[in-house]
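K.L.:
give me coordinates for this.
(one chain, ligands or ions: 2)
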Amino acid sequence: MKVELHLHTKRYSLCAIHTPREMMRRLIKRGYDAVFVTDHDAVWSDWDLADQREQFPQIRIFPGLEKTLGRHHLLILGTNDPEYLRMERAPDVLAKARAEGCLTVLAHPFRWEGGAELLEQAPLPDALEYRTFNQDGEAAEMAMDAAKRLGLPTVNAGDAHSVDMIGRFWIETERPLSEATDIRPIVLEGAYASHARR
Ligand SMILES: [Zn+2]
Ligand SMILES: [Zn+2]
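P.N.:
Residues are numbered from 1 along each chain as shown. Ligands and ions are numbered 1, 2, ... in the order given. Okay, the predicted model is just below:
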């Protein structure tokens with residue numbers, strides 16, 4: 001399964017260019033089997049999810065969010081619980097996500113100063129982003145070094161804000177992704193590979 005772990009749509013992310021429909025169409029065209037929608041500090045409603053799933057049965061559409069915590073951006077994959085929007089402390093968010101079987105991924109930790117401070121003390125996120133549209137080259141290698149030091153997995157993700165950003169960085173897994181929370185064991189057990197298109 002070709003999976004996008006980090007995707008924005010203009011429905012909820014002010015910085016995104018394209019609508020959910022436009023993004024889904026492009027993901028399908030690029031051969032994706034599953035996507036986690038991760039708008040900035042917003043969760044899709046059950047209605048939004050059901051509506052997109054009905055329109056696009058060719059792809060599994062799972063909920064998530066990209067939560068801002070100070071200078072950190074944390075992906076919480078496998079939930080659309082609005083309670084996450086009200087939480088302010090990283091340890092609380094990480095503990096809730098873990099208890100609910102969601103996967104937490106520190107997004108682009110070396111994109112800007114301070115984006116990796118969360119890694120200095122426990123509890124740690126489950127994984128780090130490696131290569132994305134917003135973290136490549138030297139910053140991506142810094143993320144890889146930090147992940148190795150901490151023993152955390154890394155994932156490639158699109159961080160796509162427009163259709164042309166889709167299909168550059170992704171992960172693939174041979175395991176089925178039936179439920180949104182299936183992503184956590186897949187990543188923690190290393191049952192996937194990160195890919196990038198040249
Ligand atoms: Zn971000
Ligand atoms: Zn993002």
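K.L.:
show me what the helix of greatest length in the chain is packed up against.
P.N.:
If you go by DSSP state H, the chain has its longest helix at helix 138-150. For helix 138-150, the packing partners by 3 or more Cβ pairs under 8 Å, 6 or more residues apart in numbering; DSSP states H and E come out as strand 127-129, strand 154-155. Every residue, glycine included, has its C-beta placed from N, CA and C.
K.L.:
which parts of this protein sit against ligand 1?
P.N.:
Proximity of the chain to ligand 1, by Cβ under 5 Å from the ion, involves residues 73, 107.
K.L.:
flag every residue of the chain that's near ligand 2.
P.N.:
66, 159.
K.L.:
okay, helices next: where are they in the chain?
P.N.:
20-29, 46-55, 83-86, 90-99, 138-150, 183-188.
K.L.:
can you put these in JSON lines and add mean pLDDT and distance to I61?
P.N.:
Output for those, formatted as JSON lines (pLDDT from 0 to 100; distance: least, Cβ to Cβ, whole Å):
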{"stretch": "helix 20-29", "mean pLDDT": "98", "distance to I61": "7"}
{"stretch": "helix 46-55", "mean pLDDT": "97", "distance to I61": "5"}
{"stretch": "helix 83-86", "mean pLDDT": "98", "distance to I61": "18"}
{"stretch": "helix 90-99", "mean pLDDT": "97", "distance to I61": "20"}
{"stretch": "helix 138-150", "mean pLDDT": "97", "distance to I61": "27"}
{"stretch": "helix 183-188", "mean pLDDT": "98", "distance to I61": "13"}
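K.L.:
and those as TSV, adding mean neighbour count?
P.N.:
As requested, these are arranged in TSV below (neighbours: other Cβ atoms under 10 Å):
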stretch	mean neighbour count
helix 20-29	20
helix 46-55	14
helix 83-86	12
helix 90-99	17
helix 138-150	16
helix 183-188	20
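K.L.:
E117 is nearest to which of those helices?
P.N.:
E117 lies closest to helix 90-99 among the helices of the chain, at 9.6 Å (Cβ to Cβ).
K.L.:
send me that closest one as CSV with only the CA atoms.
P.N.:
Extracted in CSV, the C-alpha atoms of helix 90-99 (Å, rounded to 0.1, in the frame of the first residue of the first chain):
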residue,chain,number,x,y,z
ALA,A,90,3.0,18.1,24.6
PRO,A,91,3.3,15.4,27.3
ASP,A,92,-0.5,15.4,27.6
VAL,A,93,-1.0,15.1,23.8
LEU,A,94,1.6,12.4,23.5
ALA,A,95,0.0,10.4,26.4
LYS,A,96,-3.5,10.7,25.0
ALA,A,97,-2.4,9.7,21.5
ARG,A,98,-0.5,6.6,22.9
ALA,A,99,-3.5,5.5,25.0
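K.L.:
how far off centre is it?
P.N.:
Relative to its parent chain, helix 90-99 has a centroid offset of 16 Å by Cα atoms, centre = their mean, to the nearest Å.
K.L.:
got a list of what N134 touches?
P.N.:
107-108, 111, 159 (Cβ atoms under 8 Å, 6 or more residues apart in numbering).
K.L.:
and it, how far from D33?
P.N.:
Applying Cβ to Cβ, to the nearest Å, the value for N134 to D33 is 23 Å.
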